[in-house]
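Q: Attaching a predicted model along with its sequence, questions to come.
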Amino acid sequence: MPKKTGIVKDQRYLQHSAGAYHPESPERLAAVHAILDKPAIAQKFIQLAPREATHKEIEMIHAPSYVEYIASTAGKDCVYLDPDTATSPESYEIAKLAVGGLLTAIDAVMQKKVDNAFALVRPPGHHAEYDRAAGFCIFNNVAIGALHAIKKYNLKKILIVDWDLHHGNGTQHSFEDDPRVLYFSTHQYPYYPGTGSLQEIGRGKGEGYTINVPLSTGADDAAFVKIFRKILKPAALQYKPDFVLLSAGFDTYFQDPLGGMRVTPKGFAALTRIMLDIAESCCEGRFVVVLEGGYHVMGLAESIKAVLEEMRGDTVCAEERLAAMEKEAGAVADNVIKQVTAKIKPYWNA
């Protein structure tokens with residue numbers, strides 16, 4: 001029986017522009033829409049209409065003064081928020097719609113309208129900090145989504161997994177002293193934004209609730225699958241989240257112009273299966289994905305299609321297939337797993 005998989009998809013997300021030739025371009029989502037709009041594919045998924053998030057919702061994570069500053073950019077041709085992040089006249093409204101798109105997806109899963117959902121939004125969010133934009137990101141969609149789930153539905157524990165090429169500094173900083181969120185990140189290191197070292201494990205009450213897996217270039221499907229199965233899955237099953245969120249950046253795709261990883265669409269599907277299994281074991285399958293990076297336009301579209309098919313149950317990566325992929329991982333993956341496991345041993349039985 002196929003799962004009811006929801007998609008937040010809206011043409012308005014194409015209106016945000018960070019400037020000509022910017023890698024985070026409207027063409028990214030346009031290519032995804034072109035695949036998902038094909039009748040044979042469109043009929044498989046449930047369309048979820050996004051709404052704009054309110055200032056109050058955004059201020060669960062961001063400073064009110066910062067939200068007002070972003071609001072002041074509305075209608076202006078171009079405002080540079082940082083060297084990599086700029087607005088167009090519509091960006092403020094679309095950034096609110098990006099947050100609201102994820103909140104819509106979370107609500108749909110919590111209210112059992114769908115089994116799981118993918119929020120195909122832009123601009124991305126995981127680099128955005130409390131009071132500043134960064135790395136193409138304006139509002140931190142996934143961080144706001146986590147607090148939305150906690151506050152609206154009285155959930156106690158949220159797992160956020162971030163497989164983007166770049167470390168989600170904003171998400172980590174939002175929760176590094178908060179045990180209500182377990183943040184797990186795989187990322188190319190050292191690389192932008194420079195955070196996400198093995199030593200960063202959270203602080204105060206949140207010590208141990210940040211798990212960073214810094215990777216050198218070249219990690220492939222097998223390496224990621226083994227890391228997710230040997231580090232993430234044991235820790236997540238011990239944590240027992242009430243909801244699973246994924247910051248899905250596809251810049252680890254093997255041809256991405258900004259990255260040096262070697263993940264294929266089949267690899268992304270396999271990682272999705274691991275996360276679906278965690279959600280099934282811990283929280284009745286409650287799983288929502290939000291788009292982050294990914295700059296090879298066709299690679300992004302094909303990878304998202306593979307993830308959505310796995311979420312719906314069209315091409316299930318069986319345990320045997322995952323185990324076979326894991327066996328192909330090399331010594332580099334084993335070394336990283338050994339280092340991370342030793343670091344988190346006081347907190348998790350990974």
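A: All right, it came through fine.
Q: residues in contact with Gly13?
A: Not Gly; residue 13 is Tyr. By C-beta atoms under 8 Å, 6 or more residues apart in numbering, the residues touching Tyr13 are 26, 29, 94, 97-98, 101, 120-122. To be clear about C-beta, it is placed using only N, CA and C from the backbone, and glycine gets the same treatment.
Q: Of the residues you listed, which belong to helices?
A: Under the assignment DSSP state H, the contacts of Tyr13 contribute 26, 29, 94, 97-98, 101 to helices.
Q: what about burial for those, which qualify?
A: Neighbour-count burial (16 or more other C-beta atoms under 10 Å) applied to the ones in helices among the contacts of Tyr13 gives 26, 29, 94, 97-98, 101.
Q: and Gln47, what are its phi and psi?
A: Dihedral pair for Gln47: phi -80, psi 130, per degrees, to the nearest 10.
Q: now Val114
A: Main-chain torsions, Val114, degrees, to the nearest 10: phi -140, psi 160.
Q: my guess is it meets Lys4, correct?
A: Yes. Using C-beta atoms under 8 Å, Val114 makes contact with Lys4 at a distance of 4.6 Å.
Q: overlap in contacts of these two?
A: Taking C-beta under 8 Å, 6+ apart as the criterion, Val114 and Lys4 both touch Ile46.
Q: Alpha carbons only: can I get stretch 164-184 in PDB?
A: Below are the C-alpha coordinates for stretch 164-184, written out as PDB (Å, rounded to 0.1, in the frame of the first residue of the first chain):
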ATOM      1  CA  ASP A 164      23.500  19.200   2.900                       C
ATOM      2  CA  LEU A 165      27.100  19.500   1.700                       C
ATOM      3  CA  HIS A 166      27.500  22.500   4.000                       C
ATOM      4  CA  HIS A 167      27.200  22.500   7.800                       C
ATOM      5  CA  GLY A 168      23.900  23.900   9.100                       C
ATOM      6  CA  ASN A 169      25.500  26.500  11.400                       C
ATOM      7  CA  GLY A 170      22.200  28.300  12.000                       C
ATOM      8  CA  THR A 171      20.300  25.200  13.000                       C
ATOM      9  CA  GLN A 172      23.000  24.000  15.300                       C
ATOM     10  CA  HIS A 173      23.300  27.300  17.000                       C
ATOM     11  CA  SER A 174      19.500  27.500  17.500                       C
ATOM     12  CA  PHE A 175      19.500  24.300  19.500                       C
ATOM     13  CA  GLU A 176      23.000  23.600  20.900                       C
ATOM     14  CA  ASP A 177      21.800  24.100  24.500                       C
ATOM     15  CA  ASP A 178      18.400  22.500  23.900                       C
ATOM     16  CA  PRO A 179      17.900  18.700  24.500                       C
ATOM     17  CA  ARG A 180      14.500  18.900  22.800                       C
ATOM     18  CA  VAL A 181      16.300  18.700  19.500                       C
ATOM     19  CA  LEU A 182      18.900  16.200  18.400                       C
ATOM     20  CA  TYR A 183      20.800  17.700  15.500                       C
ATOM     21  CA  PHE A 184      22.800  15.300  13.300                       C
END
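Q: buried ones in that stretch?
A: Neighbour-count burial for stretch 164-184, counted by 16+ other C-beta under 10 Å, picks out 164-176, 178-184.
Q: before we move on, the earlier item: for Gln15, state which of the ones in helices among the contacts of Tyr13 is nearest.
A: Of all the ones in helices among the contacts of Tyr13, Gln15 sits closest to Ile94, with 5.5 Å by C-beta to C-beta.
Q: Find the nearest non-adjacent residue to the closest one, please.
A: Nearest non-adjacent residue to Ile94, counting by C-beta to C-beta, 6 or more residues apart in numbering: His16, 4.1 Å away.
Q: Make JSON lines out of the ones in helices among the contacts of Tyr13 and add pLDDT.
A: Shown next, in JSON lines, are those (pLDDT from 0 to 100):
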{"residue": "Pro26", "pLDDT": "98"}
{"residue": "Leu29", "pLDDT": "98"}
{"residue": "Ile94", "pLDDT": "98"}
{"residue": "Leu97", "pLDDT": "99"}
{"residue": "Ala98", "pLDDT": "99"}
{"residue": "Gly101", "pLDDT": "99"}
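Q: now, among the residues you listed, which is nearest to Asp220?
A: Nearest to Asp220 among the ones in helices among the contacts of Tyr13 is Leu29, at 26.4 Å by C-beta to C-beta.
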